[in-house]
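Trainee: After the sequence you'll find the predicted model.
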Protein chains: 2
Amino acid sequence: MATDDPLSRAFAALADPTRRAILQRLAAGEAGVVELAAASTLTQPAITKHLHVLERAGLIGRSRDGQRRPARLQLDGMLLVDDWLCRAHAEWTERLDRLEAHLDVQEESTPMKESPDA
Amino acid sequence: MATDDPLSRAFAALADPTRRAILQRLAAGEAGVVELAAASTLTQPAITKHLHVLERAGLIGRSRDGQRRPARLQLDGMLLVDDWLCRAHAEWTERLDRLEAHLDVQEESTPMKESPDA
């Protein structure tokens, strides 16, 4: 399957509540595996795996600080997702506007039933 | 794994270029499996599987028209994704603003080196 393009990787990385929680934690500042594991019910190896997925998706970056490799937010992956959603929205809104206009025309050409107590 | 929440389903459904192409096709109007398969290199059963994933994610709806079950865009899944991204953005922007302010302060307290030809 050809699903390993950068945009698919970003969406796939976001398709997990633990990874979304890690991103939300990192919005408050960078953090290492030990801190992230302490704040969750997961083991350090499990957190490391999630960080790897987020890093491949361009959603986080990791620096080196002695033994620590703190993770911090990175915008690359998010910008891809944003860009796709913006374009999709523009198309969808146009389509929904056309549908709405179509329904309005139908409504105008259909005589309204009078309500029984009118 | 607890990844079967509605938001994770929506992100997972978007993590595939074929499914994103189907959504883009449906932005131009509803379409059935036969039309969608004709416009791609996939078989009708493969398209049906993708439609099932999109439907479970609340990204499309399917009506019944005799033998046909045309698919059309539905906003439920997209609104979930939008809502999460909006909140994430607000947090990230705040964090990036703070980082920027921090860097500005550092820059101000670091004497600029004069360029050799100044």
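Mentor: That came in fine, so what should we check first?

Trainee: ok, for residue A:50, nearest residue in space, not its chain neighbours?
Mentor: residue A:19 (5.1 Å; C-beta to C-beta, 6 or more residues apart in numbering or on different chains). In this view, the C-beta of every residue, glycine as well, is placed from N, C-alpha and C.

Trainee: and the one you found, how far is that from residue A:73?
Mentor: To residue A:73, residue A:19 is 12 Å away according to C-beta to C-beta, to the nearest Å.

Trainee: Chain B contacts on chain A?
Mentor: Residues of chain A lying close to chain B by C-beta under 8 Å from any C-beta of the partner chain are A:1-3, A:5, A:7-9, A:11-12, A:14-17, A:20, A:23-24, A:27-29, A:73, A:75, A:78, A:81-82, A:84-85, A:88-89, A:91-92, A:94-96.

Trainee: 7 Å instead?
Mentor: Chain A has residues A:2-3, A:5, A:8, A:11-12, A:14-17, A:23-24, A:27, A:73, A:85, A:88, A:91-92, A:95 near chain B, with proximity defined as C-beta under 7 Å from any C-beta of the partner chain.

Trainee: Narrow those residues to just the buried residues.
Mentor: A:8, A:11-12, A:14-16, A:23, A:27, A:73, A:85, A:88, A:91-92, A:95 (16 or more other C-beta atoms under 10 Å in any protein chain shown).

Trainee: a markdown table for the residues you listed, including pLDDT?
Mentor: Formatted as a markdown table, these follow (pLDDT from 0 to 100):
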| residue | pLDDT |
| --- | --- |
| A:8 | 96 |
| A:11 | 96 |
| A:12 | 97 |
| A:14 | 96 |
| A:15 | 97 |
| A:16 | 96 |
| A:23 | 94 |
| A:27 | 88 |
| A:73 | 90 |
| A:85 | 87 |
| A:88 | 84 |
| A:91 | 77 |
| A:92 | 75 |
| A:95 | 68 |
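
Trainee: that older thread, and the residue nearest to residue A:50, what does it touch?
Mentor: Taking C-beta atoms under 7 Å, 6 or more residues apart in numbering or on different chains, we find residue A:19 in contact with A:13, A:50, A:53-54.

Trainee: at 10 Å instead, please
Mentor: By C-beta atoms under 10 Å, 6 or more residues apart in numbering or on different chains, the contact list for residue A:19 reads A:12-13, A:49-51, A:53-54, A:57, A:59-60, B:3, B:8, B:11.

Trainee: Please list the members of those that lie in helices.
Mentor: Among these, DSSP state H puts A:12-13, A:49-51, A:53-54, B:8, B:11 in helices.

Trainee: Closest to residue B:104 out of the buried ones among the residues of chain A next to chain B?
Mentor: Using C-beta to C-beta, residue A:73 is the member of those that lies nearest residue B:104, at 18.9 Å.

Trainee: Return the distance of the closest one relative to residue A:44.
Mentor: 20 Å.

Trainee: Who are the packing partners of the helix or strand of chain A with the lowest mean pLDDT?
Mentor: Within chain A, confidence by mean pLDDT, DSSP states H and E is lowest for helix A:76-109 among all helices and strands, at a mean of 78. Helix A:76-109 makes packing contacts with helix A:6-14, helix A:44-56, strand A:60-62, helix B:6-14, helix B:17-26, strand B:71-73, helix B:76-109 when contacts are defined by 3 or more C-beta pairs under 10 Å, 6 or more residues apart in numbering or on different chains; DSSP states H and E.

Trainee: Sounds good, over and out.
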